[in-house]
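Trainee: When you get a sec, could you give me coordinates for this:
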Amino acid sequence: MSGSAILTPEHTERDAKIRQAPGEHHPHLVTSRDVRAGMHGSHAMGRFNNKLAVLITKSVGTMWCAYIFTLIAIGGGVAVLTNNAFLTAVSVLVSQTFLQLVLLPVIIVGQNVISAAQDARAEADHDTLIALHEMSKQQISILEGQNQILDLLEKSVVKQGA
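Mentor: Sure thing, here's the model as predicted:
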């Protein structure tokens with residue numbers, strides 16, 4: 001393997017096994033559901049935490065959420081300009097307390113869940129590509145052997161015809 005990839009002993013061992021017997025490798029589908037179970041557990045609360053974190057992360061990354069945050073900011077500005085203590089308190093509570101202290105960690109958890117699923121898929125794809133590469137090298141070796149046999153047959157036919 002080239003580049004700056006860091007392989008763990010587990011990866012190195014798995015790569016070696018695939019290279020030794022690429023025909024025995026069976027590609028497998030990695031779904032987000034499979035990976036999520038390993039993050040927070042497969043029990044009901046773990047599934048709920050994963051789903052909620054990913055849902056919130058994906059929702060916050062939309063323009064509709066940007067519009068809502070803009071309205072909250074405008075509302076806070078209006079509250080300050082009009083010296084409305086209640087609206088100012090609500091604005092501070094929503095923007096500083098909820099959005100910064102609650103939403104930020106949830107988004108980070110959601111990103112971790114999404115990232116773990118992407119990493120698992122990349123790892124499965126990597127294993128399959130190693131197997132395919134090794135199989136193609138074996139096929140090239142077989143083809144080269146067949147070419148040598150064809151060359152010998154061609155030389156034999158030429159000698160017999162001369």
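Trainee: hmm, which helix or strand of the chain has the shakiest average pLDDT?
Mentor: The least trusted helix or strand in the chain, going by mean pLDDT, DSSP states H and E, turns out to be helix 32-40, with a mean of 75.
Trainee: For the chain, give me the ranges with low pLDDT.
Mentor: By pLDDT under 70, the low-scoring segments of the chain are 1-6, 162.
Trainee: mind listing the helices for it?
Mentor: 9-20, 32-40, 44-60, 63-81, 85-92, 104-161 (DSSP state H).
Trainee: Mind listing what's buried along the fourth one?
Mentor: Buried residues in helix 63-81, defined by neighbour count with 16 or more other C-beta atoms under 10 Å: 72, 75-76, 79. For the C-beta atoms, the positions are set from N, CA and C on the backbone; glycine is no exception.
Trainee: again with the shortest one
Mentor: Of the residues in helix 85-92, those scored as buried under the neighbour-count criterion (16+ other C-beta under 10 Å) are 88, 91.
Trainee: Just the CA atoms of that helix, as PDB, please.
Mentor: The C-alpha trace of helix 85-92 is given here as PDB (Å, rounded to 0.1, in the frame of the first residue of the first chain):
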ATOM      1  CA  ALA A  85     -36.000  42.200  28.400                       C
ATOM      2  CA  PHE A  86     -38.300  39.200  27.800                       C
ATOM      3  CA  LEU A  87     -37.400  38.900  24.100                       C
ATOM      4  CA  THR A  88     -33.800  39.500  24.800                       C
ATOM      5  CA  ALA A  89     -33.800  36.700  27.500                       C
ATOM      6  CA  VAL A  90     -35.600  34.300  25.100                       C
ATOM      7  CA  SER A  91     -33.200  35.100  22.300                       C
ATOM      8  CA  VAL A  92     -30.200  34.500  24.600                       C
END
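Trainee: can you tell me which residues contact residue 127?
Mentor: 14-15, 18, 25, 27 (C-beta atoms under 8 Å, 6 or more residues apart in numbering).
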